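Have a look at this fold, sequence not included:
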């Protein structure tokens, strides 16, 4: 518990970290508002037969939120290497496995709480925007599919933070870790656009595409991978990178 208290104190006493969490909520909501205002149902056969997924549109702010979650996780691990304070941290808590776990909890919990706030606000603001744009089917949290998409988005952000913590422990540089994770998330879908016969496979195994399948509420059966199976793929990526990061964190000299 002392390690967790210490890591939580580091997180909350650095103004930059608090602003990152605020920015995560703000970025999530802002992008969701932009996406729901920027579409309309004019191209649909009828307002109640639109093939655009309103829930996915409402939760599209996750793309902005996850970038900040990646940056926060990278700073939580790698910033101390840059300043040399990691030696002091290791002296204070020699059990490096517990130290990494404490860092993970101190980052993942605030990220998920911020993600939950972003999801709730985004859904609340999306309803009037989508109604004005001509959508008949609006996201309702009483709908099990929408509830699954909302809760899954929060879990998605937590897994992205875990993945980023592992990457930061591997490369020991916050900027490099952030760049590597962003590349891992967005390069495979980009490559898939140019390789048609592998597009479906990439959607099934790429962490971004697979993980965000949890947001689908329309034509779910037509997705390359199911919602929970897709989130499971992201979980495998996160566990693998976090595991590699823990081994490096424990064994490598500071």
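Received, thanks. Source: prediction; values computed, not measured.

My understanding was that residue 141 contacts residue 123; is that so?
Yes: under the criterion of CB atoms under 8 Å, residue 141 makes contact with residue 123 at 6.9 Å. All C-beta spots, glycine's among them, are computed from the backbone N, C-alpha and C.

Would you list the phi and psi of residue 133?
phi -80, psi 0 (degrees, to the nearest 10).

what about the closest residue to it other than its chain neighbours, which SS state?
Nearest in space to residue 133, with sequence neighbours left out and distances taken as CB to CB, 6 or more residues apart in numbering, is residue 40 at 4.3 Å. Following DSSP: H, G, I helix; E, B strand; the rest coil, the label given to residue 40 is coil.

For residue 40, grab the count of nearby residues.
Residues near residue 40, counting by other CB atoms under 10 Å, number 14.

For it, give its distance to residue 249.
Distance from residue 40 to residue 249, counting by CB to CB, to the nearest Å: 49 Å.

Next: residue 59.
Residue 59 is 33 Å from residue 249, by CB to CB.

Of the two, which one has the most company?
More neighbours surround residue 59 than the other of residue 59 and residue 249, with 32 against 24 (other CB under 10 Å).

okay but that one is in contact with residue 125, surely?
No: in terms of CB under 8 Å, residue 59 does not count as a neighbour of residue 125; the distance is 11.6 Å.

who touches both of the two?
Common neighbours of residue 59 and residue 125 (criterion: CB atoms under 8 Å, 6 or more residues apart in numbering): residue 32.

Quick check: which ranges of the stretch 151-254 of the chain have low pLDDT?
When residues are selected by pLDDT under 70, those of the stretch 151-254 of the chain lie in 196-198, 253-254.

if you set the cut-off to 80 instead, what comes out?
Along the stretch 151-254 of the chain, the parts satisfying pLDDT under 80 run over 192-200, 252-254.

Likewise for the stretch 1-150 of the chain?
1-15, 39-52, 133-137.

cutoff 70 now
Those would be 1-3, 41-51, if you go by pLDDT under 70 across the stretch 1-150 of the chain.

That one: helices as residue ranges?
Assigned by DSSP state H, counting those that start in this stretch, the stretch 1-150 of the chain shows helices spanning 2-13, 15-37, 54-58, 62-83, 86-92, 96-132, 144-171.

Return the distance of the residue sitting nearest the centre point of the chain relative to residue 214.
Geometric centre of the chain, nearest residue: residue 157, 2.8 Å, by CA atoms, centre = their mean. Distance, residue 157 to residue 214, by CB to CB: 11 Å.

Residue 184 too?
Distance from residue 184 to residue 214, by CB to CB: 18 Å.

before we move on, what about residue 185?
From residue 185 across to residue 214, the span is 15 Å (CB to CB).

which one of those two has more residues nearby?
A count of neighbours by other CB under 10 Å puts residue 214 above the other of residue 185 and residue 214, at 27 against 24.

I'd say the more buried one and residue 155 touch.
Yes: shown here, residue 214 and residue 155 form a contact pair, counting by CB under 8 Å, at 7.4 Å.

shared neighbours of those two, anything?
residue 231.

In which helix or strand does residue 246 reside?
Element membership for residue 246, per DSSP states H and E: helix 227-251.
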